[in-house]
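>>> need a 3D model of the following:
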Amino acid sequence: MEKIKLVSHLGILRISQSIPELNQALTYKLTYMKDIGTVSFMDKKTGKQKTVSRKGPIKTKTEKLYNESEGQIFTHDGMLSKIAKKIHTLGLEFDYERLDPQWPVPLINASVVKGLYPEQRECVIKMLSSVGGCLVQAATSAGKTRIIASLILAYPNSNIVVMTHRQSVVRGLISNLTSLLADKGIEIGICQGVNTSIKKVTVSTIGSAHKLDKDKVDILIGDEFHRFAGEQASSMWLSFNKAVKYGLSATITERFDGKFNYFESLCGPLVFELTDQELQDAGRVPPLDVFFVAVPEGPPIDHFIDSVKRKKIGIWKNSIRNQMIKEIVDCAPADQQLMIFCETVQHLEELRKLMPDMEVCHAQLGTNERKEIEQRFVSGEAKRILSTDVLSEGVDPRKLMILIDPSSVKGDSAMVQKRGRLRRPGKEKGILINFSDDWSTSLSSKAKKRIKDHKERGDKVILVNDIKQITFV
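Numbers count the residues shown, from 1 in each chain. Prediction:
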């Protein structure tokens, strides 16, 4: 058999022969929640009719990462390493050619964007030198918005879309990019719900991206890229087939086999990583003290098969646990900003009964009300706030000192985003308080996983049996 020819151009990899074993290697398993219709109800907060999608059982299906035509395969340049390894395993040989276009001159000085750190500059250079796009995994507070601003400056004649998953993140991106690029005369447009103002640089939610003219988008930048792993989001992302694609995230993890193979197929290779520990060692972010408070008592829940029911009884409506949270709030310094992240609105409402003076923020509030609370949170004016994960991303609370996380997750991307709210510079350290539910086998095992994750990230983990053992700054 003759050598297989691999030719890379503008992020697309052309493979001269279609081989069954190779085709099979270029697939991925996508795990998703199947839509089973919608349900309508009257929203008690707004008094308006609301319709939401209902999700059914988790399903898995196999998808292709390539198109096949006339005996050739066309796939993403980010899959080169996997293809080369598979060809070698088959005992075959290949030739590789890379047809690079004239790319922008790499940004090599700190004056491009004010305050650009050396590692940010290194990241931008690697991104610009990666033909066809790439992935970046950088911890929260690494300055990903400044990196995005640098990419915008690198393509002065291109139409650019910065895509993200949530409306609050869109507002934050527009505010920060407008500030960073104020002296460059660059207007930032918006594509979000009914708000549509398309500019050369436009920030869009995934849900509104269908309004954009895909043929006119030259550069596509995905913020919080781990959110693009869902079936609908990834399909929307790939539909911008003429754009060079860049993905940035603090954590590229989802329920996929071969997660990097999947994400690289959407964007390109992972070219830059910056960890929490590296940022902390450089003095860029404060350290975290993570207290795990032992909860010795609780209702019997391990006999429930339904995990939602276990959480509802064991976490949301657990009066002993909720009372401990109130006591922690009462003990915390009144002049320090404190937030409680609730996994659900139901838990938020249970805690609100115990602490009626706390401000609340969740997705069921009206847009203007939520926006106002978000601004009070970011400015530090709101000292005590109860929130669901609507404030876990896209906000920059410089004054947040204490975060209570009463959820029961094993340790995932949500945890990374939550702790990132405490990692803003300008403070001695952040205090994160979690719970070790010793009375439940299932909840205890999840707590052990969270403890392990925090230790691996370099956090100081402190196990306490009494709330009075928690030391605040």
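>>> domain-wise, how is this protein divided?
4-99, 118-280, 286-469 (automatic domain parsing).
>>> lowest average pLDDT across those?
Per-segment mean pLDDT for those reaches its minimum on domain 4-99, at a mean of 77.
>>> what's the span of that one from first residue to last?
One end of domain 4-99 to the other measures 17 Å (Cα to Cα, to the nearest Å).
>>> show me where the stretch 151-300 of the chain has its strands.
160-164, 188-192, 195-197, 201-205, 219-223, 244-249, 270-274, 288-295 (DSSP state E, counting those that start in this stretch).
>>> with mean neighbour count and distance to A332 added, can I get the ones you listed in JSON lines?
Every C-beta, even on glycine, is put in place using the N, C-alpha and C of the backbone. Listed next are those as JSON lines, based on neighbours: other Cβ atoms under 10 Å; distance: least, Cβ to Cβ, whole Å:
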{"stretch": "strand 160-164", "mean neighbour count": "26", "distance to A332": "32"}
{"stretch": "strand 188-192", "mean neighbour count": "21", "distance to A332": "36"}
{"stretch": "strand 195-197", "mean neighbour count": "13", "distance to A332": "38"}
{"stretch": "strand 201-205", "mean neighbour count": "23", "distance to A332": "35"}
{"stretch": "strand 219-223", "mean neighbour count": "25", "distance to A332": "32"}
{"stretch": "strand 244-249", "mean neighbour count": "26", "distance to A332": "31"}
{"stretch": "strand 270-274", "mean neighbour count": "19", "distance to A332": "31"}
{"stretch": "strand 288-295", "mean neighbour count": "21", "distance to A332": "12"}
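>>> can you redo those as CSV with distance to D357?
Shown next, in CSV, are these (distance: least, Cβ to Cβ, whole Å):
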stretch, distance to D357
strand 160-164, 33
strand 188-192, 33
strand 195-197, 33
strand 201-205, 33
strand 219-223, 34
strand 244-249, 36
strand 270-274, 39
strand 288-295, 22
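>>> for the ones you listed, which one sits closest to I19?
With Cβ to Cβ as the measure, strand 270-274 is the member of these nearest I19 (25.9 Å).
>>> who does the closest one touch, helix- and strand-wise?
helix 118-128, strand 133-138, helix 259-266 (3 or more Cβ pairs under 8 Å, 6 or more residues apart in numbering; DSSP states H and E).
>>> give me phi/psi at the nearest residue to I373 once chain neighbours are set aside?
Sequence neighbours aside, C361 is the residue nearest to I373 in space, at 4.5 Å (criterion: Cβ to Cβ, 6 or more residues apart in numbering). The phi/psi pair for C361 (degrees, to the nearest 10) reads phi -150, psi 120.
>>> and C361, how many residues sit next to it?
23 (other Cβ atoms under 10 Å).
>>> from P397, how far off is the residue lying closest to A250 once chain neighbours are set aside?
Nearest non-adjacent residue to A250, counting by Cβ to Cβ, 6+ apart: T140, 4.8 Å away. Using Cβ to Cβ, to the nearest Å, T140 is found at 12 Å from P397.
>>> need the residues touching each of these two.
Taking Cβ atoms under 8 Å, 6 or more residues apart in numbering as the criterion, T140 and P397 both touch R421.
>>> okay, buried residues for the strand or helix carrying K86 please.
Per DSSP states H and E: K86 is located in helix 80-89. Neighbour counts over helix 80-89 (16 or more other Cβ atoms under 10 Å) mark L80, K82, I83, K86, I87 as buried.
>>> TSV for those residues, including distance to R457?
Compiled in TSV, the buried residues of helix 80-89 are given as follows (distance: Cβ to Cβ, whole Å):
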residue	distance to R457
L80	31
K82	28
I83	33
K86	34
I87	37
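>>> which one is V473 nearest to, not counting chain neighbours?
Leaving aside its sequence neighbours, V473 sits nearest to E428 (Cβ to Cβ, 6+ apart; 5.5 Å).
>>> kindly report the same for S16.
S16 sits nearest to K5 (Cβ to Cβ, 6+ apart), 4.0 Å away.
>>> so how many other residues sit close to that neighbour?
When neighbours are defined as other Cβ under 10 Å, K5 has 14 of them.
>>> how about Q336?
17.
>>> now it: phi and psi?
phi -100, psi 140.
>>> which ones are touching it?
Residues in contact with Q336 (Cβ under 8 Å, 6+ apart) are K383, M401, I402, F472, V473.
>>> so which of these are in helices?
Using DSSP state H, no member of those sits in helices.
>>> can you list those residues in CSV and add distance to E349?
Below are the contacts of Q336 laid out as CSV (distance: Cβ to Cβ, whole Å):
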residue, distance to E349
K383, 20
M401, 25
I402, 21
F472, 27
V473, 30
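>>> re the thing from before, of all the strands of the stretch 151-300 of the chain, which one is nearest K64?
Nearest of these (Cβ to Cβ): strand 244-249, 18.1 Å.
>>> distance between the ends of stretch 389-407?
First-to-last residue span, stretch 389-407, Cα to Cα: 11 Å.
>>> could you do stretch 433-445 as well?
End to end - Cα to Cα - stretch 433-445 spans 17 Å.
>>> R98: neighbour count?
Count around R98 with other Cβ under 10 Å applied: 13.
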